[in-house]
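Asks: Below: sequence and its predicted model.
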Amino acid sequence: MDVNGKHYSTIWVSEVDAQVIQVIDQRFLPHKFVIEDLRTLDEVAVAIRDMHVRGAGLIGATAGYGMYLAALHAPKDDAFDEYVSLAGDKLKATRPTAVNLAWAVNKQLEAMQEAETPEQKIRVAFDTANEIARSDAAYCKQIGEHGLALIEEISKQKQGKTVHILTHCNAGWLAFVDYGSATAPIYAAFEKGIDVHVWVDETRPRNQGASLTAWELGQHKVPHTIIPDNVGGHLMQHGMVDIVIVGTDRTTYTGDVANKIGTYLKALAAFDNNVPFYVALPSSSFDWNIKDGIKEIPIEERGAEEVKYMEGLCEGEIKKILLTPAESNATNFGFDVTPARLVTGLITERGICKAEKESILSLFPEKRNNIQEGYIKFHCHWIKAAPMSAAQLKDVIACRNSLYHKKLIGVYPNGVGFGNVSIRSGNDFIITGSATGQYPTLNEQHFAVVTDYNLRQNALTCKGTIEASSESLSHAVIYESSPDTNAVIHIHHMPTWKNLMDKVPTTASDVTYGTPEMAEEIKRLFRETNVAQEKILVMGGHQEGIITFGKTLEEASRILLEHLTNA
């Protein structure tokens with residue numbers, strides 16, 4: 001988009017030095033236009049965490065370039081892979097809600113794994129970062145083309161009169177690499193000559209609507225009016241809003257939408273007043289792991305100072321002022337989740353669909369096979385507790401990380417996780433946490449202790465800093481059926497899975513993963529086959545799924561590698 005008549009993306013490689021990434025520092029907008037140079041991983045992490053850059057797409061693109069900078073500064077020896085893996089973990093920890101962040105980091109790690117030397121990996125990381133940024137802009141442009149049809153139809157119905165669009169927060173050019181998601185249809189309509197006007201929510205507490213959306217609309221000469229956050233419902237009641245278009249930081253494959261706090265209230269008002277409510281997003285903002293957005297999407301809670309203080313231009317300088325009693329507490333949830341039932345439709349780079357699983361999959365059919373991976377199917381009673389010690393988990397962490405680097409545990413290109421490891425601990429067992437397949441290296445924060453389970457009720461109890469893996473019931477029945485087993489490994493490997501099907505104990509092909517039925521199938525194998533002696537089984541209804549177990553992790557690993565060698 002243009003700034004004072006000159007085209008800018010929100011992030012780019014310096015023309016002077018390819019080892020410097022430049023971004024528009026959004027903290028100073030709309031009062032100052034500042035370009036910041038990012039040279040190190042730490043500078044990128046600060047830029048993401050402290051919102052020098054913000055918005056789902058731009059966070060992902062920035063993370064992509066952050067991984068490139070990490071590769072530049074990584075040791076040029078055998079420690080390279082571990083260094084960039086830890087760099088990825090550092091970036092993922094900066095902003096937990098936006099799924100594009102982890103998606104971009106994982107994409108970089110997978111791409112670098114395909115190269116051999118550190119020099120080749122650096123080149124791959126650079127090319128991949130550029131591709132992430134390029135595709136983000138291209139997808140947003142396509143979102144604009146698809147969303148234009150909605151605005152055109154409203155304009156036609158109104159016989160050319162002004163189409164009033166309400167948006168919340170900033171899902172514009174500044175939130176992506178170019179064009180934006182929610183604003184892309186608006187810009188497309190404006191460029192086509194359709195009479196549009198945008199109601200811009202101020203979006204407390206950081207006022208991204210008032211400071212960012214209004215600024216970029218103004219740069220593009222799009223008519224707009226800034227409103228307090230609480231005005232939207234009133235406007236809808238009086239027929240002053242024709243359509244609501246917002247962005248999203250994470251949307252489940254069932255259509256639940258996480259977006260800036262306050263979006264849910266706008267959706268409720270739109271639903272009550274029969275105003276269409278659309279969410280615009282590139283496919284990188286879908287989370288194919290999560291079914292229930294309200295229960296499962298992590299919601300970032302930011303500092304109270306953002307609520308208590310406000311920044312603005314005063315006598316030519318940007319100053320911060322206190323709004324509240326100094327001693328008052330404040331809570332600052334960054335996002336909320338709008339249930340799919342309140343969403344009229346999703347505007348993606350492939351077209352418009354309903355906010356429901358089958359409609360979404362009609363646009364993204366390649367996601368269907370693994371759509372159910374990664375979310376917890378059982379009823380999980382999770383007791384939050386302090387993590388176990390690193391010393392206690394040393395062996396299982398080493399085993400799991402080794403399996404990840406062998407690509408036996410990890411994530412598919414579509415972001416879906418797979419595989420897990422557990423060890424017995426007295427009457428309980430310790431297992432990798434839910435959705436940890438995305439992390440190249442785990443630490444003590446990534447494990448849960450399963451203390452009880454009930455197949456009949458499809459339930460378990462666990463404690464720790466994270467919920468237990470969705471395959472915990474399968475592990476539980478192995479420990480129950482084999483008292484001398486102290487370790488269980490579940491991996492995915494298609495060649496071995498195909499080769500071993502029905503040659504070793506195999507569960508029924510119509511029984512899916514993470515269900516009581518799968519656990520019962522494993523118990524059946526212990527009753528009817530020699531699985532207790534072979535210590536390996538194939539999950540017939542869980543594509544690529546293989547389980548080995550043993551008295552020790554070493555034994556379970558050895559059995560697994562023996563069969564992989566023979567595959």
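Replies: Looks like it came in fine.
Asks: Report the buried residues of the longest helix belonging to the chain.
Replies: Longest helix of the chain, by residue count under DSSP state H: helix 118-157. Neighbour-count burial for helix 118-157 flags 118, 121-122, 124-126, 128-130, 132-133, 135-137, 139-144, 146-148, 150-152, 154-155 (criterion: 16 or more other C-beta atoms under 10 Å). C-beta here means a position set from N, CA and C on the backbone, and glycine is covered the same way.
Asks: Next: stretch 517-530.
Replies: Taking 16+ other C-beta under 10 Å as the criterion, stretch 517-530 shows 517-519, 521-526 as buried.
Asks: Just to be sure, which of those are found in helices?
Replies: Using DSSP H, the buried residues of stretch 517-530 in helices are 517-519, 521-526.
Asks: Could you list the domains of this structure?
Replies: 2-136, 139-369, 379-565 (automatic domain parsing).
Asks: phi, psi of residue 61?
Replies: Dihedral pair for residue 61: phi -60, psi -40, per degrees, to the nearest 10.
Asks: Next one: it relative to residue 91, how far apart?
Replies: Distance of residue 61 to residue 91, computed by C-beta to C-beta, to the nearest Å: 12 Å.
Asks: Pick out whichever of these two has more residues nearby.
Replies: residue 61 (31 against 26; other C-beta atoms under 10 Å).
Asks: How about the contacts made by the residue nearest to that one when sequence neighbours are not counted?
Replies: Excluding its sequence neighbours, the residue lying closest to residue 61 (C-beta to C-beta, 6 or more residues apart in numbering) is residue 133, at 4.5 Å. Listed by C-beta atoms under 8 Å, 6 or more residues apart in numbering, the contact set of residue 133 reads 9, 11-12, 61, 64-65, 177.
Asks: Among those residues, which pair sits farthest apart?
Replies: Farthest pair in the contacts of residue 133 (C-beta to C-beta) is 9 and 64. Separation: 13.3 Å.
Asks: neighbour-wise, which of those two wins?
Replies: Higher neighbour count among residue 9 and residue 64: residue 64, with 30 against 20, using other C-beta under 10 Å.
Asks: which residue sits closest to the most centrally placed residue in the chain, ignoring its sequence neighbours?
Replies: For the chain, residue 99 is the residue whose C-alpha lies nearest the centre (C-alpha atoms, centre = their mean; 1.8 Å). Using C-beta to C-beta, 6+ apart and skipping the chain neighbours, the partner closest in space to residue 99 is residue 250 (4.2 Å).
Asks: I'd say the one you found and residue 279 touch.
Replies: No. Look at residue 250 against residue 279 with C-beta atoms under 8 Å: they stay out of range, at 11.1 Å.
Asks: Please report how far residue 518 lies from residue 508.
Replies: 9 Å.
Asks: go on, residue 129?
Replies: Taken as C-beta to C-beta, the span from residue 129 to residue 508 is 45 Å.
Asks: Next, residue 459: phi, psi?
Replies: Here residue 459 shows phi and psi, under degrees, to the nearest 10, equal to phi -140, psi 160.
Asks: got the contact list for it?
Replies: Listed by C-beta under 8 Å, 6+ apart, the contact partners of residue 459 are 378-381, 453.
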